[in-house]
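Trainee: Sequence plus the predicted model coming up.
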Amino acid sequence: MTTSCCFTLFICGGPLPPFQLQTVSLEPFFLPRTALKKSRRCVGDKNTKSVFCLPPQTFDKILIANRGEIACRVIKTCQKMGIKSVAVHSDVDASAVHVKMADEAVCVGPAPTSKSYLNMDAIMDAIRSTGAQAVHPGYGFLSENKEFAKRLAAEGVTFIGPDTHAIMAMGDKIESKLIAKAAKVNTIPGFDGVVETADDAVKIAQQIGYPVMIKASAGGGGKGMRIAWNDEETREGFRFSSQEAASSFGDDRLLIEKYIDNPRHIEIQVLADKHGNALWLNERECSIQRRNQKVVEEAPSTFLDSVTRRAMGEQAVQLAKAVQYSSAGTVEFLVDSKKNFYFLEMNTRLQVEHPITECITGLDLVEQMIRVAKGYKLLHKQEDIPINGWAIESRVYAEDPYKSFGLPSIGRLSQYQEPLNLSNVRVDSGIQEGSDISIYYDPMISKLVTYGATRAEALSKMEDALDNYVIRGVTHNIPLLREIITHPRFISGDISTNFLPEVYPDGFKGHQLEVGNRRELLASAAALYITAQLRSQKVLGNLRVSSTPVECTHWELCAELGEGLYSMEVEVDGGKVEVSGQWNLASTLLPLTINGTDRMLQCLSRDASGQIVLQYLGTSFKVRVLSKLAAELNSYMPEKVAEDTSSILRSPMPGSVVAVSVKPGDTVAEGQEICVIEAMKMQNSLTAAKQAKVKKVHCKPGETVGEGDLLVELE
Amino acid sequence: PAHPALARPPLAIGSNLCVSFPPERIDMKRKAALVGGGQKRIDAQHKRGKLTARERVELLLDPESFVESDMFVEHRCSDFGMEQDRNKFPGDSVVTGRGRINGRLVYVFSQDFTVFGGSLSGAHAQKICKIMDQAMTVGAPVIGLNDSGGARIQEGVESLAGYADIFLRNVLASGVVPQISLIMGPCAGGAVYSPALTDFTFMVKDTSYLFITGPDVVKSVTNEDVTQEELGGAKTHTTVSGVAHHAFENDVDALLNMREFFNFLPLSNQDPSPIRACHDPSDRLVTSLDTIVPFETTKAYDMLDIIHAIVDERDFFEIMPSYAKNIVVGFARMNGRTVGIVGNQPKVASGCLDINSSVKGARFVRFCDAFNIPIITFVDVPGFLPGTAQEYGGIIRHGAKLLYAFAEATVPKITIITRKAYGGAYDVMSSKHLRGDVNYAWPSAEVAVMGAKGAVQIIFRGKENQAEAEAEYVEKFANPFPAAVRGFVDDIIEPATTRKKICRDLEVLASKKQVNPWKKHANIPL
């Protein structure tokens, strides 16, 4: 437990409205690492020197209608405020972290989200049975569902978020655009209405002029969104987006607008109360995206000057006021290279990336949402809102960054260790060692946030944090994250939403080693190999037959790395590349000092045939270390013929088969769609690698497939 | 280089009778022995993706530790022109000797395919028998690297006698010193029985074959068309027949893995389970285990996840990973000490016991018992697999083997019931009743005669409210208490503490002494 001086403290009791003595902390806002189980309403600690103020009487019990990290995030603030928390969960989530953290938990159905986390009846039952007075919806699921908000209102339960009117107005992209226009907010040219058919879509697209963006009217988070550059793509995009929209939001209405090429995605956090007051809490730069989903975010943005920031903030507040918005919300803008900004949409909920705003402003947004929901006035004035330092957030996902910047992967976190040993690091996660990342839910592992007085400091901290993050059992995107935050373009702030495709036109390939780095990597692998060899000779106890270990201080080794072969001479105690450090063969982290440089490596695997997989600079590298003799003999070993992958189609990820477009005997052209796999609510079209006749189809719609499962064979 | 002692001048005996003792001849013979069947055949061997007999030995053993014996032995056949000089190769078709693996003594023979296709002559067999005899007297393991076309047909019955001599030694050494066969080429006909008698048979993918009769004979006798690979390749024997215990990618991979595997083994039945320096803390809490067993009793999980999480450094050498996958067996270390791990695998066929898994488990348990390796058993077993295929196949007889093996074992036995322990299979899986030393149950454990549904159908036959009865049964029996109150499990433990507890128990059990009644030998139901 941290000492209470670090926190803003409250004293309980008092009539409404309570004393509003509160310090705005100049420290970055960090959630307590250990959950505070006891109520902290009454403060009588003699040692505390901070200002005492009253905790506003809000709710006794809040139900969190969500799962994963955001549920945990909300529960932490509930604990801090002395509010009892109720978790809801699906049956597979019964032992999830958010369930363990909450004071009470209710199972609301089986694994599929439509039957559990989106199951309003069950959630309403849970509210009744637990007597929760308010509901925090988190993000996603029911957070922007007007129907849910209505049902809560009908039962007298407070929805911690804006009222139904604002959700409705902003939740519909078409309507929101009209309102924004009316509120004098800059908007993107486009078609303000629902598109009915693919033909309509093409017609409208032609009117607006390519490129266009097709997106779900009810959508958000990049789902049900496609960019089209011609008629053909418009038709395809229309089909995919409506399917995705239907499966994600139960609403297949689409709209089309002008696609702004090479824009930045910058959003303004707003906070409003029920008394007509609204604040803008500065911006978040969210331009680094893949498939329209954010990967790295930062606050503030390197791009905005104070004039633009103020203009955007004021427009955001105008919009919030126009819909009598209350609670926390986010107004998303596209900003072009000339700092023109256009309203994109307003998210009437807590955003995934809210922690970076908390870090630079010192505010606890969840706490503010709870206060506002209870009817309190805002505590702060616009001039109270600071920008203190710089915060970066990396979204750590269970996905393979080498496949179109991230295809979902699943598995069990066999080892998991967050880099909380470092200062100024905040990790928002809802999983722990042993947790399963399943196909049912979002594959996000955590949000890794680092903070610094300057951007450079925050970035360097992020490097360390990524290197110290131990995730085993699932494929994760740390290689990509680390490459992004160390890329010269990112460091200089020269980014746009096209950053990834521009920087990696041929797809992400991991860290590219230079001579010096390669030497470091090879030396590390050799050090590991030799340590293991020497340890093998250490047999303890009284031996009946004496052992004769090989006395060896000089090793001649050969390492294979990628295509290259490198020979090494290693001298133990005295040599050219010096590798030292406090580690052993059981450590997950390898803090090495290589020629005086401190590096944090991780040994991901090591086997008897000399195969060592090391995570170095974020990327995992396969190195095979062999003795000189073994390397010589290995040259006689035949290359095993790899499977001819052009005539077979394997599932690139776990998921379910939505459609199979071919049957045995069909002839497919190169690039023709063969089947569609849905994973984590994303539909992925799999195409033929060559022109051929279909030999055999191994899957059928509705079936669940694993990564690498054979789907279709071609002749 | 020739030994300096041999490089002396020719001895002169008497005045005019000069017996030459030409060191050159010794040197020549040695050199000849080193190239086996000649450079051309060595090249051919390499072209096949195989190493030579000597290269294999060199890679398997510590540098410069090989001490060769019988380099000068030649075959004694004088028929069919075999007596001619060009048909004599010093050392004949096998390289034998002793050496060290990570400093530890081992005896090795490596058949030389470049000399008469590695065929087994009387002399070849004699060389192998010699090192096997030495291994027995010293108490050190024998590793055989097999690469032989079969019997030396020119020698006829002498070759057959040679096989029998080896078989006899395999049998006598069984349970005295560990014997490992690594099949690195063909091994056909009678020759297959030597690997079959050894403790472990490993194969190299694509280049090794084991069969009684080759595809041609199969075709002429049963009219089946089958390739060498299908009939007796590594895949067949590691997945279908269960003859081989593991297969490796190539020679280098296989030999390096043999070194690693050897580290797990004691040198003989006189030695305790070896202890290696260990960095993994023995009191490490494994929190991930607290959530590993799913709530629904019908849902599977991977027993390997439990094993990897508990053992030192997640290092588990699995034996027969692709055969009878409903049971997992293999070697690992706990606080540095080698242990044998046996676990039901809920992921495959619900982890039930059937014929193949019983035999696989039984053989492994008996190896561990023979060589003083403690056995740790993870139990999640719904019972024996029902059905005509199993009954006709003799599940009674084969299931009894596993029961027999566990009951007979006198090494330290630690058992952890992770979930189901139903019916007779509960008894079999190293239960308290079979002299288990320490038997733990996780909170998710349920020891019962059968699952709730089946039990209720019998106990409450004809009763209306089956669901209620089922709930009552679950409440009473589907938990660890019925076994715990009777002392059939020693404790109910938090899964996270399992590693810590096992390490501590093994410390204590290191001095365990238990003997079975005297007998000539036991009579396991074969």
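Mentor: In hand now; what should we look at?
Trainee: right, and residue A:648 touches residue A:708 too?
Mentor: No: with contact defined as CB atoms under 8 Å, residue A:648 does not count as touching residue A:708 (10.7 Å). C-betas here are computed from N, CA, C, even on glycine.
Trainee: the more surrounded of these two?
Mentor: The neighbour count for residue A:648 versus residue A:708, taken as other CB atoms under 10 Å in any protein chain shown, is higher for residue A:648 (16 against 10).
Trainee: quick one: the more buried one and chain B, what's the gap?
Mentor: As judged by CB to the nearest CB, to the nearest Å, residue A:648 and chain B stand 19 Å apart.
Trainee: I'd like the distance from the helix or strand harbouring residue B:255 to the chain centre, please.
Mentor: Under the criterion of DSSP states H and E, residue B:255 resides in helix B:251-262. On the basis of CA atoms, centre = their mean, to the nearest Å, helix B:251-262 sits 13 Å off its chain's mean C-alpha point.
Trainee: cool, stretch B:294-308 as well?
Mentor: 26 Å.
Trainee: as a whole number, average confidence for that stretch?
Mentor: Taken as a whole, stretch B:294-308 has a mean pLDDT of 89.
Trainee: Now that stretch: buried residues?
Mentor: Residues B:294, B:297, B:301, B:302, B:303, B:304, B:305, B:306, B:307, B:308 are the ones in stretch B:294-308 that count as buried (16 or more other CB atoms under 10 Å in any protein chain shown).
Trainee: Figure out the length between the terminal residues of that stretch.
Mentor: 18 Å (CA to CA, to the nearest Å).
Trainee: any residue of that stretch up close to chain A?
Mentor: Yes: shown here: stretch B:294-308 in contact with chain A (CB under 8 Å from any CB of the partner chain) through B:295, B:296, B:302, B:305, B:308.
Trainee: Identify all contacting residues around that stretch.
Mentor: A:91, A:94-95, A:412, A:414, B:288-289, B:292-293, B:314, B:316, B:318, B:328, B:330, B:332, B:341, B:343-347, B:350-351, B:378, B:380, B:418-420, B:446, B:451, B:478 (CB atoms under 8 Å, 6 or more residues apart in numbering or on different chains).
Trainee: Repeat that for stretch B:47-61.
Mentor: With CB under 8 Å, 6+ apart, stretch B:47-61 has contacts from A:629-630, A:633, A:636-638, B:34, B:36, B:42, B:45-46, B:66, B:94-95, B:97, B:99-101, B:106, B:108, B:110-114, B:118, B:143, B:145, B:147, B:184-185, B:206-207, B:250-252, B:255-256, B:258-259.
Trainee: Apply 6 Å and report the result again.
Mentor: A:630, A:633, A:637-638, B:42, B:45, B:66, B:95, B:99, B:108, B:110, B:112, B:145, B:207, B:251, B:255, B:258 (CB atoms under 6 Å, 6 or more residues apart in numbering or on different chains).
Trainee: Kindly report the same for stretch B:69-77.
Mentor: B:29, B:33, B:88, B:90-92, B:96-97, B:121, B:123, B:127, B:154-155.
Trainee: mind saving the C-alpha coords of stretch A:177-192 as PDB?
Mentor: Extracted in PDB, the C-alpha atoms of stretch A:177-192 (Å, rounded to 0.1, in the frame of the first residue of the first chain):
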ATOM      1  CA  LYS A 177     -22.500  15.300 -38.600                       C
ATOM      2  CA  LEU A 178     -25.600  17.400 -39.000                       C
ATOM      3  CA  ILE A 179     -25.500  18.500 -35.400                       C
ATOM      4  CA  ALA A 180     -21.800  19.300 -35.700                       C
ATOM      5  CA  LYS A 181     -22.400  21.400 -38.800                       C
ATOM      6  CA  ALA A 182     -25.100  23.300 -36.900                       C
ATOM      7  CA  ALA A 183     -22.800  23.800 -34.000                       C
ATOM      8  CA  LYS A 184     -20.300  25.400 -36.300                       C
ATOM      9  CA  VAL A 185     -17.800  22.500 -36.100                       C
ATOM     10  CA  ASN A 186     -15.700  21.800 -39.200                       C
ATOM     11  CA  THR A 187     -16.900  18.700 -41.000                       C
ATOM     12  CA  ILE A 188     -15.800  16.500 -43.800                       C
ATOM     13  CA  PRO A 189     -17.600  16.600 -47.200                       C
ATOM     14  CA  GLY A 190     -19.700  13.600 -47.700                       C
ATOM     15  CA  PHE A 191     -23.200  12.100 -48.100                       C
ATOM     16  CA  ASP A 192     -25.400  12.800 -45.100                       C
END
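Trainee: mean confidence for it?
Mentor: Here the average pLDDT along stretch A:177-192 is 86.
Trainee: just how off-centre is it within its chain?
Mentor: 30 Å.
Trainee: which parts of it are buried?
Mentor: A:177, A:179, A:180, A:183, A:185, A:187, A:188, A:190, A:191.
Trainee: Give me the neighbour count for residue A:562.
Mentor: So residue A:562, with other CB under 10 Å, has 10 neighbours.
Trainee: and it, how far is that from chain B?
Mentor: Taking CB to the nearest CB, one finds residue A:562 at 19 Å from chain B.
Trainee: rewinding a little: which member of the buried residues of stretch A:177-192 is positioned nearest residue A:620?
Mentor: residue A:188 (40.8 Å; CB to CB).
Trainee: Name the nearest residue to that closest one, ignoring sequence neighbours.
Mentor: Excluding the flanking residues, the one nearest residue A:188 by CB to CB, 6 or more residues apart in numbering or on different chains is residue A:342, at 4.4 Å.
Trainee: Model confidence score at that neighbour, please.
Mentor: 91.
Trainee: what does residue A:695 give?
Mentor: Reading off the model, residue A:695 has pLDDT 86.
Trainee: Just to check, it is in contact with residue A:668?
Mentor: No: with contact defined as CB atoms under 6 Å, residue A:695 does not reach residue A:668; the gap is 11.0 Å.
Trainee: So between those two, which is more surrounded?
Mentor: residue A:668 (21 against 13).
Trainee: Can you tell me how far the residue nearest the centre of chain B is from residue A:547?
Mentor: Against the mean C-alpha coordinate of chain B, by CA atoms, centre = their mean, the closest residue is residue B:200 at 2.9 Å. Remark: distance between residue B:200 and residue A:547 (CB to CB, to the nearest Å) = 22 Å.
Trainee: got a list of contacts for the helix or strand of chain B with the lowest mean pLDDT?
Mentor: Using mean pLDDT, DSSP states H and E, the weakest-scoring helix or strand in chain B turns out to be helix B:452-459, at a mean of 80. Defining contact as CB under 6 Å, 6+ apart, one finds that helix B:452-459 is touched by B:466, B:469, B:470, B:473, B:474, B:478.
Trainee: name the helices or strands packed onto whichever helix or strand comes after it?
Mentor: As assigned by DSSP H and E, the chain's next helix or strand after helix B:452-459 is helix B:466-477. Other helices and strands packing on helix B:466-477, by 3 or more CB pairs under 6 Å, 6 or more residues apart in numbering or on different chains; DSSP states H and E, are helix B:452-459.
Trainee: Could you list the alpha-carbon positions for the helix it packs on in PDB?
Mentor: What follows is helix B:452-459 as a C-alpha-only set of coordinates in PDB (Å, rounded to 0.1, in the frame of the first residue of the first chain):
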ATOM      1  CA  ALA B 452     -22.300 -37.600 -11.400                       C
ATOM      2  CA  LYS B 453     -24.600 -38.400 -14.300                       C
ATOM      3  CA  GLY B 454     -23.700 -42.100 -14.500                       C
ATOM      4  CA  ALA B 455     -23.700 -42.600 -10.700                       C
ATOM      5  CA  VAL B 456     -27.100 -41.000 -10.300                       C
ATOM      6  CA  GLN B 457     -28.600 -43.200 -13.000                       C
ATOM      7  CA  ILE B 458     -27.500 -46.200 -11.000                       C
ATOM      8  CA  ILE B 459     -28.100 -45.000  -7.400                       C
END
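Trainee: Nice, that's everything, thank you.
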